Each structure stands twice: as C-alpha cells, then as structure tokens.
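A.B. asks: Sequence and predicted structure below; questions after.
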Amino acid sequence: MNELSSTIREILVKASGAYGPQDAVRYKAKRDKGNGKKETVVVAKTYRQLREDSERFSAALDSLGEQGAHIAIVGDNSYPWLVSYYGTVNGGSVAVPLDANLPAEELCELIDRSDATVLVYDKAREAVAALSGEKCPKLKHRIATDPEASAADVPEGTLLFQEVLGKQTPGYSHSPLPEDLATIMFTSGTTGKSKGVMLTHRNLAENATAQDMGFEPGMVLLSVLPIHHAYCLSMDILKGMSLGTVICINDSLLRVLKNIKLFEPNIILMVPLMIETFAKKLEETDWLPAPLIKAKVFGKQFHTICSGGAYLNPDYLKRFEKYGITILQGYGMTECAPVISSNCPKDKKDGSIGKCMPNCEVKVVDEELWVRGSSVMQGYYKMPEETAQTLVDGWLRTGDLGYVDEDGFLFLTGRKKNLIITPNGENVSPEELENKIGAARLVQEVLVREKDGVIEAEIFPDQEYASKKKIRDVEGEIRKIVDDYNEKAPLYKRVVSVKLRDTEFEKNTTKKIKRF
Amino acid sequence: MFDQLAEIITNYVEVKKEDIRPESRFMEDLGFSSFDFMSMLGEVEDTFDVEIEEEKAAGIRTVQEAVDYLGSL
C-alpha cells in the first residue's frame, strides 16, 4: 500500500505503527567468539527500535543545545548513520550527509561551508574529525559512531554515539513542518565548486511516497549505493521504510555478491555500472538454464532492479528479463529530491525513463526538460546566483534534453549542462579536474571529458617550460602529473585515459576552450 | 599467486590470460570498471581466504600491486 507522507517523521511514525516489531534494518557486525577470535553475525533492528533510537538522538542534540542546527554526517552506510539522520531531521535539525569517499580536506571544506555545528563520523573518518579541529571553527561537537570505541580511543571532548543515546529516553516529540528544511546535499557544480542542495521535508517525503510502484510491503532490499546520495536516501531508505521493507546494509562494494547470498534480497537499487558487471556474471555460465543461473547469482527470491543515476543501455532490460529479473529505469537529480520519473512494474516502456512522478509536472523548453512540483528544491545553500540560474518561476531547469511521448513517457536525448555522469551515477565536474591537473606548470591547457564511459584528459603541454627545465620525456612527466592527481582522487574522479596534443585548443570568442 | 589472479581477472574483463602482465593497470590497460574491480577483489577474498580493506583496495592500480598486497596479508 502506498500512502503520501509530507514529512520524514511521518514516514517513520507510520512505519513504526504499522510494522513496529518487524525488522527495519539488518546489517553485519563482528562479535567475539570467546577464543580471542571474532565472527561475523547479522544484527537486526526493528522499526520500533529505529524510531526510539532516532528519538534518543533528537533528544541528545537538544540537550547539547543544537536543536535546529546543521548536523554533518559522514560515514559508510550503517545503522548509526540512519539513527543520526532520522534523529537529526525528525527533531527539527538539518542533516548534511557528506560523501565519505572524499579526501579529508574537501570534507572539512564542505562541513565548514554548510555551517554545521555537529559532526557525526565513523571509524574510517577519524582523520576528518582530527582535521576539522583546525579547518571547521564552527563545529562545537563531534560524535564518534564506532561501536567499539571507548573514551580513551577518541580525542578529548569527542562524544561516543552509544553513550549519547544511552543518556536519553525515547519519545522526543517535535513535529517538523513539511516546509522545514530537512537536508542539504552536495552535488557537483558546473563551475567546479559543489553546491548544497536544500531539500525540505516535503521535498524528500513526497518524492519517496508519491509514486505507487506496486511493491508489496515487507520486501527484502539490499542497499548497495552510498547513503549520502539522494537516490539511495530517498528510494532505498525513505521509500523502503514507507513500505515496511527490510533494509539490509551492504558493508562493502567488495562483498555485494556475498551479501546477496547472505541477505537474500528481492530488490536492489543499482547504478548502470553495477548492472553491467552483473550482466557479465549472469552470462559467464550461459550454458546453464536461466532460472539456475539467476538462483546462483541473485537467489530464487530476487525479482527487481531499479536503475538510476546514469544512462542505462536499454539492451540490458531484455538481457535481464531472460532470467526473470525486471529492470525499472528511472531518472532524477538531487535538486528534485531526486526522482523525476520512473518506470513501474505495470507501467513501463523500453528506452524510456518512465512517466513523471505524480507530485510533479514536466515541460519541454527549447528541448530542455523543466520540472515543477513538490519535489523541487528550495535552492542552493548560500548561492543565490546559481539558484536563480536553475530555478525559474518555480520550474527546475534540469539541463537534460528530452521529450515526452504521446503516452506521457519521458525520453532523454542529450545533455545541455557540462557535467560528466559516470556509469556509477556520480556527477563529475570537468572544470574541477581541469583546475587540479592544470595547476601543474607543465600543463598549458587541459580539457576533461567523458569518453567510452571513462574520464579522459586531453593535455596541451607547455613546451617552452619543458625546454627551459630540460624535460625530455614530456609525455612521461604529464602521465606522472595525472598519476599524482589520481592518487589523491576518489575512484570515480580518476582520469583513466590521457591524450596529448601538440597544438593549442580551439577557443571561442571569450577565449574559453571549445568543448564540443 | 599471479597465475591464480590472472585467471580470476579473465572472468571480469575480455582479456587473454597471456596478455596480463605484472605492470598491467586494472582500469587503464585491462578495462576494469571500478565496480568490476571491487567485485573481483571480493572473489579474490574467497579464493585466497583473506580479508581486503576497501580503502587499501582503492589504492591498488596494477596487477603486481595486487599480488604484493595479497602477499602482505
């Protein structure tokens, strides 16, 4: 059953009422075996426990004097992450979920720019917490979520998540309004500086609950995408919970296949990159009967993949159908909380990105798709110019080109904005990479673009500098510059292909490199 | 170990075992996507009965680096 909710608290309260004793979250944890060794066990938390723990977290923020403040959350997908998120937004504060894979320097810049006063971080981000002391003067509190940490393991003054919850009782009753700001999510900007997308409770809650996908309550879902992404947060977590779904947390991208066997999901949200890998996995033993192959890779119970984040070749729909797996392709962007359109099991069309969500409408202006409705963001945090360029009279300019067919299905035909959308759904700003690589003295001009699904940098070296410095192996030096950049960059921002040129790039009238 | 790893690599990308060199780079030379690479390392964990840290895995670029890392576990 699908029911519209207009705040995130409403989603959790309704789910806790309807599915209270059922498992909301399952995840792996290490437990002492008693002989000095550890074993991996599956821990489950019910809908009631999740609600109560999140209320404790809301109360904790209040007791710290931070109710209503901006709370940065950085870490891998985990139960404490979910408790912190729900506790923050349901208690009337604003969550700032950050990309845990970014370098510590960049994370601190975002924490500072978002005006966060509390940082919630996991064990792998201790370096971020340490650096934040110097880089984030507005931060007043740091909360470590590592369940094994004791006061002696964390810097003085750092709070321990378990202790913070333990001091509070459930029942914190604040009811956020639909128009209250709930979350600021950072997304790549076309100028190279990431932008904080401001989303209200209504934006997120209605985006998650407006569309009846026809899913049965109580499905088992394996959550494999990074939780700071709007797609994962809205569709895995918020929509999943509105339907009483059991959300299983994938602990590492290394172990998706193993975790499928362990948790036996019915459904997984994926990005095209993952679908491509799974297609190879299914087809490597294609002499076996299709149902057997499906059972081997995904388990008999598995039936649906929701695809989003990037373009998926429609060919994959048929390739998976052979194994009894339906791929539902959707489309969205963080600025729209994020889903704009989606195919549904009973209402789908090959090659289309589905019909527009019921809470939104789409129009086409000069081939560009514009969206209006209750999912559309309030603007970019402290960026009025960028906001004015993107929001026009309540319409969100998507920057994507497309059309709507006679049955109301949306189709994409190209992109107006200058962003690289990698096959794993990450948005990469070419300018950001150009600025970093171009900072090297030997690089006179650089152009970054997507080619055959990977990031390519075309570089015009500064020959004058090379001869002045007696650099003979210019190509080798350029590769070293790119290697140095790659070493510090997250996987999805790495330059895979390098091309050298011996003439300047063609420029337009404003002396900017012509991109196309 | 190199041989076993090369065998596993051929399950993920279209490359002949004899074309895989220690200095081959997973993404640039062998055509791995980042998710292919992670999935392959998951299989490597089972084959060699080791536990790989995702953070360390992200730093591995060549086949030789993978062999060295696995040998250090």
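C.D. replies: Nice, I can see it.
A.B. asks: When you work out contacts or count neighbours from here on, use the C-alpha atoms and nothing else.
C.D. replies: Will do.
A.B. asks: average model confidence for stretch A:418-436?
C.D. replies: Averaged over stretch A:418-436, pLDDT sits at 82.
A.B. asks: Give me the contacts around the helix or strand containing A:Ala388.
C.D. replies: Using DSSP states H and E, A:Ala388 sits within helix A:384-390. For helix A:384-390, the external contacting residues (C-alpha atoms under 8 Å, 6 or more residues apart in numbering or on different chains) are A:Gly379, A:Tyr380, A:Leu396, A:Arg397, A:Thr398.
A.B. asks: which of the residues in the helix or strand encompassing A:Ala29 are buried?
C.D. replies: Using DSSP H and E, A:Ala29 falls within strand A:23-32. Neighbour-count burial for strand A:23-32 flags A:Asp23, A:Ala24, A:Val25, A:Arg26, A:Tyr27, A:Lys28 (criterion: 16 or more other C-alpha atoms under 10 Å in any protein chain shown).
A.B. asks: do the same with stretch A:156-173
C.D. replies: Neighbour counts over stretch A:156-173 (16+ other C-alpha under 10 Å) mark A:Thr158, A:Leu159, A:Leu160, A:Phe161, A:Gln162, A:Val164, A:Leu165, A:Gln168, A:Pro170, A:Tyr172 as buried.
A.B. asks: Show me which residues of chain B are close to chain A?
C.D. replies: Where chain B comes near chain A, counting by C-alpha under 8 Å from any C-alpha of the partner chain, the residues are B:11-12, B:27-28, B:33-36, B:38-42, B:54, B:58-59.
A.B. asks: ok, longest helix in chain B?
C.D. replies: Assignment by DSSP state H gives helix B:34-48 as the longest helix of chain B.
A.B. asks: Would you reformat the buried residues of strand A:23-32 as a markdown table and include pLDDT and distance to A:Leu253?
C.D. replies: As requested, the buried residues of strand A:23-32 are arranged in a markdown table below (pLDDT from 0 to 100; distance: C-alpha to C-alpha, whole Å):
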| residue | pLDDT | distance to A:Leu253 |
| --- | --- | --- |
| A:Asp23 | 97 | 23 |
| A:Ala24 | 98 | 21 |
| A:Val25 | 98 | 18 |
| A:Arg26 | 98 | 17 |
| A:Tyr27 | 97 | 14 |
| A:Lys28 | 95 | 14 |
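A.B. asks: Number of residues surrounding residue 61?
C.D. replies: Just so you know, I chose chain A. 24 (other C-alpha atoms under 10 Å in any protein chain shown).
A.B. asks: Wait, chain B was what I had in mind.
C.D. replies: When counting by other C-alpha under 10 Å, one arrives at 16 neighbours for B:Arg61.
A.B. asks: ok, now A:Met270?
C.D. replies: By other C-alpha under 10 Å, 24 other residues sit near A:Met270.
A.B. asks: and it, what is it in contact with?
C.D. replies: By C-alpha under 8 Å, 6+ apart, the contact set of A:Met270 is A:Val224, A:Leu225, A:Ile305, A:Cys306, A:Ser307, A:Gly308.
A.B. asks: Below-threshold pLDDT in the stretch 401-516 of chain A: ranges please.
C.D. replies: A:509-511, A:516 (pLDDT under 70).
A.B. asks: ranges for the helices of it?
C.D. replies: Along the stretch 401-516 of chain A, counting by DSSP state H, counting those that start in this stretch, helices occupy A:430-438, A:463-468, A:474-488.
A.B. asks: looking at chain B, which helix or strand does the model trust least?
C.D. replies: The helix or strand of chain B with the poorest confidence is helix B:54-58; it has a mean of 83 (mean pLDDT, DSSP states H and E).
A.B. asks: Pull out the buried positions in whichever helix or strand comes after it.
C.D. replies: Per DSSP H and E, helix B:54-58 leads on to helix B:63-72 as the next helix or strand towards the C-terminus. Under the neighbour-count criterion of 16+ other C-alpha under 10 Å, helix B:63-72 has B:Val63, B:Gln64, B:Glu65, B:Ala66, B:Leu70 buried.
A.B. asks: Rounded mean pLDDT for the helix or strand hosting A:Glu134, please.
C.D. replies: Assessed by DSSP H and E, A:Glu134 sits inside helix A:126-135. For helix A:126-135, the mean pLDDT works out to 95.
A.B. asks: Give me the residues contacting it.
C.D. replies: Applying C-alpha under 8 Å, 6+ apart, the external contacts of helix A:126-135 come out as A:Ala104, A:Glu105, A:Leu107, A:Cys108, A:Glu109, A:Asp112, A:Leu119, A:Tyr121, A:Leu139, A:Arg142.
A.B. asks: ChimeraX command for the buried members of those?
C.D. replies: This is how ChimeraX selects the buried members of those, with burial counted by 16+ other C-alpha under 10 Å:
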select /A:104,107,108,112,119,121,139,142
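A.B. asks: how about the contacts of helix A:126-135 in JSON lines, adding secondary structure?
C.D. replies: Output for the contacts of helix A:126-135, formatted as JSON lines (DSSP: H, G, I helix; E, B strand; the rest coil):
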{"residue": "A:Ala104", "secondary structure": "helix"}
{"residue": "A:Glu105", "secondary structure": "helix"}
{"residue": "A:Leu107", "secondary structure": "helix"}
{"residue": "A:Cys108", "secondary structure": "helix"}
{"residue": "A:Glu109", "secondary structure": "helix"}
{"residue": "A:Asp112", "secondary structure": "helix"}
{"residue": "A:Leu119", "secondary structure": "strand"}
{"residue": "A:Tyr121", "secondary structure": "strand"}
{"residue": "A:Leu139", "secondary structure": "coil"}
{"residue": "A:Arg142", "secondary structure": "strand"}
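A.B. asks: Distance to chain B and pLDDT added to the contacts of helix A:126-135, as CSV?
C.D. replies: Listed next are the contacts of helix A:126-135 as CSV, based on distance: C-alpha to the nearest C-alpha, whole Å; pLDDT from 0 to 100:
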residue, distance to chain B, pLDDT
A:Ala104, 14, 94
A:Glu105, 17, 94
A:Leu107, 16, 96
A:Cys108, 19, 97
A:Glu109, 21, 96
A:Asp112, 25, 97
A:Leu119, 21, 98
A:Tyr121, 16, 98
A:Leu139, 26, 98
A:Arg142, 23, 98
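A.B. asks: what does chain A have sitting close to chain B?
C.D. replies: Neighbours of chain B within chain A, by C-alpha under 8 Å from any C-alpha: A:252-258, A:273-274, A:277, A:280, A:284, A:487, A:491-492, A:496-497.
A.B. asks: Are any of those buried, and if so which?
C.D. replies: Buried by 16+ other C-alpha under 10 Å: A:252-258, A:273-274, A:277, A:491-492, A:496-497, out of these.
A.B. asks: Cool, thanks, talk later.
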